[in-house]
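> the amino acid sequence is not available; the structure is as follows:
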């Protein structure tokens, strides 16, 4: 009997992404586990396993995988990614002692001061009441509050304090009602968004009127970056599925930010490439 060619870690991961997009979480988990077995030193594979386990509600297992991925990112010199995953774990379990110790070590090596207190640690999973109830209130626009929120995002946690403060002043809190259109495909790119509260639907409307939907955007997700990086039109429409609270960074501030932080540009490009691959898979799927 002919033998099948061995599957590479990349093929297993791509298969996992395809199954995840289709909504088959169990199949995606199996594929990402295969990728992690084939490439045990690749932290992105362990991170994907953790993300699917979290979506399946298997929180304890997800935390273990997130911790393993964080340690691998650290070993390979990706300190900021390790910090970001530690924050994800502490959103799931604020008392996770191993992660608290690892995060303290990572912050010390990064030269970051320890959090002033637990009450000052604002994360995407626990916004202050003033941000939840009245995001347009003057207190909600203070750069220090916005800076705390940005530190909860693995993408922006990498910024040094002076740049973080400037970016915090540029970000604007905004809201969207359920059903409100935030981005419209084909329109000029105007801003990058960070979703703090709520859920958004992403879709592509075809010429015949039917819509292809993509995985929803959830708290902590960034969107709008693909069109801004490519200086093109918005590639997919985004609609608020629930009442949403967001941070908005307009085009001019975005361009200044990525000019000052080349690593941030590379990370956004990586995110955008993965999103476009998922989009292509959906658009070519038979109806």
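Okay, I see it. Bear in mind that the values here come from a model prediction, so they are computed numbers and not experimental data.
> next, residue 173: secondary structure please.
strand (DSSP: H, G, I helix; E, B strand; the rest coil).
> how many neighbours does residue 223 have?
Using other CB atoms under 10 Å, residue 223 has 23 neighbouring residues. (Glycine included, C-beta is placed from N, CA and C.)
> what values do phi and psi take at it?
Note on residue 223: its backbone torsions stand at phi -150, psi 160 [degrees, to the nearest 10].
> help me confirm that it comes into contact with residue 191.
No - if you go by CB atoms under 8 Å, residue 223 and residue 191 don't touch, sitting 9.9 Å apart.
> what about residue 238, which SS state?
Looking at residue 238 with three-state DSSP, the answer is strand.
> what pairs with it across the strands?
Beta bridges link residue 238 to residue 183, residue 202, judged by DSSP bridges.
> what's near enough to touch it?
Shown in contact with residue 238 (CB atoms under 8 Å, 6 or more residues apart in numbering): 181, 182, 183, 193, 200, 201, 202, 217, 223, 224.
> can you give me the helices in the stretch 151-287 of the chain?
Residue ranges of the helices in the stretch 151-287 of the chain, as given by DSSP state H, counting those that start in this stretch, are 161-170, 225-230, 251-260, 262-283.
> ok, which of those helices comes nearest residue 11?
Counting by CB to CB, residue 11 lies closest to helix 262-283 out of the helices of the stretch 151-287 of the chain; the figure is 13.4 Å.
> before we move on, back to that, in a markdown table, list the helices of the stretch 151-287 of the chain along with distance to residue 18, mean neighbour count and mean pLDDT.
Formatted as a markdown table, the helices of the stretch 151-287 of the chain follow (distance: least, CB to CB, whole Å; neighbours: other CB atoms under 10 Å; pLDDT from 0 to 100):
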| stretch | distance to residue 18 | mean neighbour count | mean pLDDT |
| --- | --- | --- | --- |
| helix 161-170 | 35 | 16 | 72 |
| helix 225-230 | 19 | 20 | 82 |
| helix 251-260 | 30 | 16 | 80 |
| helix 262-283 | 5 | 15 | 68 |
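> looking at those helices, which is nearest to residue 78?
Per CB to CB, nearest to residue 78 of the helices of the stretch 151-287 of the chain: helix 262-283, 10.3 Å.
> just give the number of residues close to the residue lying closest to residue 8 once chain neighbours are set aside.
Excluding its sequence neighbours, the residue lying closest to residue 8 (CB to CB, 6 or more residues apart in numbering) is residue 38, at 7.1 Å. A count of neighbours around residue 38, defined by other CB under 10 Å, yields 17.
> give me every residue that touches residue 38.
7, 8, 9, 12.
> ok, 10 Å please
By CB atoms under 10 Å, 6 or more residues apart in numbering, the residues touching residue 38 are 6, 7, 8, 9, 10, 11, 12, 13, 45.
> what of residue 182?
174, 176, 191, 193, 195, 200-202, 217, 223-224, 234, 237-240, 244, 246, 248.
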